[in-house]
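S.K.: Requesting a structural model of the entry that follows:
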Amino acid sequence: MKSDFIPFKSIEVEDEQYNRTLRNHGLRVLSTVAKMIHRVNEEEKMIAVVRATGTRHGKYNAKASLIDVSNIIKACCYAIAPLIYQS
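M.R.: Purely as a prediction, here's the structure:
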């Protein structure tokens with residue numbers, strides 16, 4: 001799967017966990033999740049975040065077939081459910 005991600009193609013497998021590019025991508029993913037959590041009650045703003053993320057991935061020619069959106073949505077819902085249902 002690494003070969004499908006252009007920024008990661010040149011990274012040696014043993015260097016991946018320490019590579020700044022990969023770590024920064026993970027931080028951007030978490031930042032996007034945080035934005036979605038903060039906008040959970042603002043549908044239009046959530047849509048804007050998703051569109052911006054899609055646009056960025058489109059510029060890298062990301063393959064939509066590699067992105068299982070239903071699993072991403074399920075994981076995000078599972079992660080934020082305790083926050084939503086707090087009393």
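
S.K.: measure Asn19 to Lys45 for me?
M.R.: Relative to Lys45, Asn19 is positioned 32 Å away (criterion: Cβ to Cβ, to the nearest Å). Where C-beta positions appear, they are placed from N, C-alpha and C, glycine not excepted.

S.K.: wait, Arg51
M.R.: 11 Å.

S.K.: which one of the two has more residues nearby?
M.R.: Legend: neighbour count by other Cβ atoms under 10 Å for Arg51 and Lys45, higher for Lys45 (14 against 10).

S.K.: Return the residues in contact with the more buried one.
M.R.: Listed by Cβ atoms under 8 Å, 6 or more residues apart in numbering, the contact set of Lys45 reads Arg39.

S.K.: where does whichever helix or strand it is part of sit relative to the chain's centre, distance-wise?
M.R.: Using DSSP states H and E, Lys45 maps to helix 43-59. With Cα atoms, centre = their mean, to the nearest Å as the basis, helix 43-59 stands 11 Å off its chain's centre.

S.K.: Can you list the buried residues in it?
M.R.: Neighbour-count burial for helix 43-59, counted by 16 or more other Cβ atoms under 10 Å, picks out 46, 49.

S.K.: After that helix, which helix or strand is next?
M.R.: Helix 43-59 is succeeded, C-terminally, by helix 69-84 (DSSP H and E).

S.K.: For the most centrally placed residue in the chain, give me phi and psi.
M.R.: For the chain, the residue nearest the mean C-alpha position is Val29 (3.8 Å; Cα atoms, centre = their mean). The phi/psi pair for Val29 (degrees, to the nearest 10) reads phi -60, psi -50.

S.K.: so who does it touch?
M.R.: Not one residue lies near Val29 by Cβ under 8 Å, 6+ apart.

S.K.: distance of it from Gln86?
M.R.: Distance of Val29 to Gln86, given as Cβ to Cβ: 24 Å.

S.K.: do the same with His25
M.R.: Using Cβ to Cβ, one obtains 30 Å as the distance from His25 to Gln86.
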